[in-house]
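> Below are the sequence and a predicted model for it; my questions follow.
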Amino acid sequence: MAVKSENEVTRKVRDLYLKGLSAFERQNDEYAVEMLQAALKLEPTFHTARKLLRNADIRIYQSLGKMKQTLVKAKCGAPTSRAQSFLKKGAYVEALDAAEEALRHCPYYAPALLALAEAALGMDYAEAAVSALEMAHESDPKDIDILTRLCEAYLGVHNAQSAMECLQKINNLKPNDVKVQQMVKNMTATVTMQQGRWEQEGSFRDKTKDLEESKVLEQQSRIHHDTDNLEVLLEDARKKLEEAPDNLDNLRKLVQYAIQKKEFDYALEIIQQISQYLGANEMLDRLASDVRAKKAHAEMEELREQLKLNPDDEELQARVRAAEASSMESLVAELEKKVKAYPNDLDLRFDLGVALFRAEKNDQAIREFQLAQQSPRHRLDCQRYMGQLFARKGMFDLAASQLERAAEELTQMDGNRKEVLYTLGEVYEQMGDLDKSIVPFKEIFEADIMYRDVAKKVEKYYQRSKDS
């Protein structure tokens, strides 16, 4: 299966990816994972989405305490076993999905990473195999089997230099082991032969337009972000965009590098120029919105860093509060502008509803969610948000009705169901019905004892029962 880029996937897949990317940048990782999983279900070899999914998984996992990390790691065994079973049958796509399910719980779980790599290689999807094996190697740098597999995977993507580095690591780990030395010797010969074949067919550098472009591509693959490399990448992206101004992939790369250099105004200027050339374009609108959001976030982070150094500075405290309020107002205004331009886009209405929810503009948020729930993809999330909004307004019966309907349809005990059940329990508490409130709390407790303060709520209920 050939790896697909953002320009090669369908609009539906691209939209899901962009939602996941936007959520990831806002650190809404659970929603990012949901969107990226949906994109990959439709396009398993959309590698950019898979890499972003892994980063979201890692951030979620790293946010857990050590005890909870141990608990979630225990959940990796069953889906990994299913992946290994699928591999034996040659069902590589199913094996890939099962391995990803395990990595949802612990993205560093080596058996699942190895299963994913094997499935990816079975699909001729070497890029995913390399990514998985690199993570497995990071987790266990001295495992020779992982290094050997990684070397072979690098050959699959024509990366002879990295393959040779793997061989050197193996050699350093077992310098006196005769069997290992023979294996290194054999693999070195394989790498050399492969490299020679590539050179005969037209080497990596020969296949690029010139040596300068080759250097740029190598720098991109290494993912170095120092100033010198970024300047080269930015200049190359600028040239490519001048040559093909209608290629939105070139624009996205240029904007990405400009953002990394914190040249936000330049990025917005380029988007404006391309907008004038191409005309109205929803993707360009969203890209500009993302840049403005990142600029505001960078300015906010700078203020927060200053406040850390001067925590008692009342003027700085006021500036941070004002910046936070301004950022939220800007986000709402930006989304309202988009909804006005694309009134039938239910995805935009959902995003606006979430922004209004966070800005505590309750009635406006309810209105947007009532419209956005016409989208099957957002219906359950809309019910959850509306339940919380009705609860804010003290309309607990309406809140319970929304959340009960959502809970009925969410059959899998994932993050969404836990959120709905927990909110439902809180609504029952606010209604004064403690016997009813304990039912959703107990359901969460049975599946995930570490979820929020659910253990404390259940224990308190039973203690109250004993005392009475």
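Structure received.
> buried sites along stretch 75-88?
Under the neighbour-count criterion of 16 or more other C-beta atoms under 10 Å, stretch 75-88 has 75-76, 79-80, 82-84, 86-87 buried. Quick note: C-beta positions are derived from backbone N, CA and C, even for glycine.
> hey, C-alpha coordinates of stretch 307-318 in PDB?
The C-alpha trace of stretch 307-318 is given here as PDB (Å, rounded to 0.1, in the frame of the first residue of the first chain):
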ATOM      1  CA  LEU A 307       4.700  35.700  35.400                       C
ATOM      2  CA  LYS A 308       6.600  32.600  36.600                       C
ATOM      3  CA  LEU A 309       9.600  34.700  37.100                       C
ATOM      4  CA  ASN A 310       7.600  37.500  38.800                       C
ATOM      5  CA  PRO A 311       4.600  35.700  40.400                       C
ATOM      6  CA  ASP A 312       3.700  38.700  42.600                       C
ATOM      7  CA  ASP A 313       3.600  41.200  39.800                       C
ATOM      8  CA  GLU A 314       0.000  42.400  39.800                       C
ATOM      9  CA  GLU A 315       0.400  44.200  36.500                       C
ATOM     10  CA  LEU A 316       1.600  40.900  34.800                       C
ATOM     11  CA  GLN A 317      -1.300  39.000  36.400                       C
ATOM     12  CA  ALA A 318      -3.700  41.500  35.000                       C
END
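> before we move on, the earlier item: dump the buried residues of stretch 75-88 into JSON lines; add pLDDT as well.
Below are the buried residues of stretch 75-88 laid out as JSON lines (pLDDT from 0 to 100):
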{"residue": "Lys75", "pLDDT": "88"}
{"residue": "Cys76", "pLDDT": "90"}
{"residue": "Pro79", "pLDDT": "91"}
{"residue": "Thr80", "pLDDT": "91"}
{"residue": "Arg82", "pLDDT": "90"}
{"residue": "Ala83", "pLDDT": "91"}
{"residue": "Gln84", "pLDDT": "90"}
{"residue": "Phe86", "pLDDT": "87"}
{"residue": "Leu87", "pLDDT": "87"}
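> Can you name the two of the residues you listed that sit furthest apart?
Lys75 and Leu87 (19.9 Å; C-beta to C-beta).
> Tell me which of the buried residues of stretch 75-88 fall in helices.
Among the buried residues of stretch 75-88, the members falling in helices (DSSP state H) are 79-80, 82-84, 86-87.
> Out of these, flag the one nearest to Leu233.
Ala83 (36.2 Å).
> Name all residues that make contact with that closest one.
Residues near Ala83 by C-beta atoms under 8 Å, 6 or more residues apart in numbering: 95-96, 98-99, 102, 112, 115-116, 119.
> Turn those residues into JSON lines, columns for pLDDT.
JSON lines is the format used below for the contacts of Ala83 (pLDDT from 0 to 100):
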{"residue": "Ala95", "pLDDT": "90"}
{"residue": "Leu96", "pLDDT": "91"}
{"residue": "Ala98", "pLDDT": "91"}
{"residue": "Ala99", "pLDDT": "92"}
{"residue": "Ala102", "pLDDT": "91"}
{"residue": "Ala112", "pLDDT": "92"}
{"residue": "Ala115", "pLDDT": "92"}
{"residue": "Leu116", "pLDDT": "92"}
{"residue": "Ala119", "pLDDT": "90"}
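> Show me just the buried residues among these.
For the contacts of Ala83, buried by 16+ other C-beta under 10 Å: 95-96, 98-99, 102, 112, 115-116, 119.
> Can you lay out those as a markdown table showing secondary structure and distance to Val178?
Shown next, in a markdown table, are the buried ones among the contacts of Ala83 (DSSP: H, G, I helix; E, B strand; the rest coil; distance: C-beta to C-beta, whole Å):
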| residue | secondary structure | distance to Val178 |
| --- | --- | --- |
| Ala95 | helix | 35 |
| Leu96 | helix | 37 |
| Ala98 | helix | 38 |
| Ala99 | helix | 35 |
| Ala102 | helix | 36 |
| Ala112 | helix | 33 |
| Ala115 | helix | 31 |
| Leu116 | helix | 33 |
| Ala119 | helix | 33 |
